[in-house]
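In: Would you be able to build a 3D model of this:
(one chain, ligands or ions: 1)
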Amino acid sequence: MSDRPADSSAEVRQRIDVPARKGRFARLRRGQAIRVIDSEGGQVGDLFAFSVEQTDEHLSANHTRAIVNRLFPQVGEAFYTNRRRPILSFERDDSPGLHDMLIAACDPERYRLLGVTGEHDSCAVNCRDAVAEAGHSVPEWVPQPVNLFMIIPVDVAGNLTWEPTVTQPGDSVTLRAMMDCLIVVSACPQDIVPINNLNPTGLRMEVLAPH
Ligand SMILES: [Zn+2]
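Out: Numbers count the residues shown, from 1 in each chain. Just a heads-up that it's a prediction; the model follows:
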């Protein structure tokens, strides 16, 4: 649990609301930071980051795990791309500090396997839509995201469990760009597995002024 108050001294340049079940993008120059805030608490955010030069270079959770030798992220480390270059640094964590780097973004197939017969929003489609709206080429397969605020404990036998997130309203993480990048955050619409406490809500992004 972080005992530090959120850094209120950083000037907010741009606020982007991410509606419940939807995704939004933000552009970051190298050196700029972004805060991702769980506005109401209890909500997972799927974080994607793409090089603005070519979106086929992107934050890769599996490449990051191989470099940091950890399953889950922590402050002071970087996130790496599929070309093994650092793309974001994890600068502050004003949340309980639990985030996942194991689980693929939810997609329409995932909801079909869970028994959904009609339309259902998904982080994969939200990501593709946000990249397209930003005017970049859309990846056919979205990268495995960093699942902010998501709790996936692993036991010694390697079993995973899907726990409801425990974030409080206003909890946040702050990330700093290590290259010019396009950030996409999806407010995960998962409402069958209880990671969002069965009540998907919205998130907020705040792009901070350089310091
Ligand atoms: Zn999702």
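In: need the longest strand for this protein.
Out: Assignment by DSSP state E gives strand 86-94 as the longest strand of the chain.
In: where in the chain is pLDDT low?
Out: Applying pLDDT under 70 to the chain picks out residues 1-9, 211.
In: Close to the ion: what parts of it are there?
Out: C106, C123, C188, Q190 (CB under 5 Å from the ion). All C-beta spots, glycine's among them, are computed from the backbone N, C-alpha and C.
In: Take those residues and keep only those in helices.
Out: Under the assignment DSSP state H, the residues of the chain next to the ion contribute C123 to helices.
In: and the residues of the chain next to the ion, which two are the farthest apart?
Out: For the residues of the chain next to the ion, the farthest-apart pair by CB to CB is C123 and Q190; their separation is 8.2 Å.
In: The two: which is more packed in?
Out: More neighbours surround C123 than the other of C123 and Q190, with 30 against 23 (other CB atoms under 10 Å).
In: So for C123 and Q190, which residues contact both of them?
Out: Residues touching both C123 and Q190 by CB atoms under 8 Å, 6 or more residues apart in numbering: C106.
In: Near S89, how many other residues are there?
Out: By other CB under 10 Å, 16 other residues sit near S89.
In: how about it, what does it touch?
Out: Contact analysis of S89 by CB under 8 Å, 6+ apart lists E77, A78, F79, L175, R176, M178.
In: mind checking how far it is from A49?
Out: 11 Å (CB to CB, to the nearest Å).
In: Now do the shared contacts for these two.
Out: The contact lists of S89 and A49 share F79, where a contact means CB under 8 Å, 6+ apart.
In: what pairs with the nearest residue to E57 once chain neighbours are set aside across the strands?
Out: Of all residues not flanking E57 in the chain, S51 sits nearest, at 4.1 Å (CB to CB, 6 or more residues apart in numbering). For S51, the beta-bridge partners are C181 (DSSP bridges).
In: Now do the same contact list for S51.
Out: E57, H58, T81, I87, M179, D180, C181, L182.
In: one more time with 10 Å
Out: Counting by CB atoms under 10 Å, 6 or more residues apart in numbering, S51 touches 57-59, 81-83, 85, 87, 136, 179-182.
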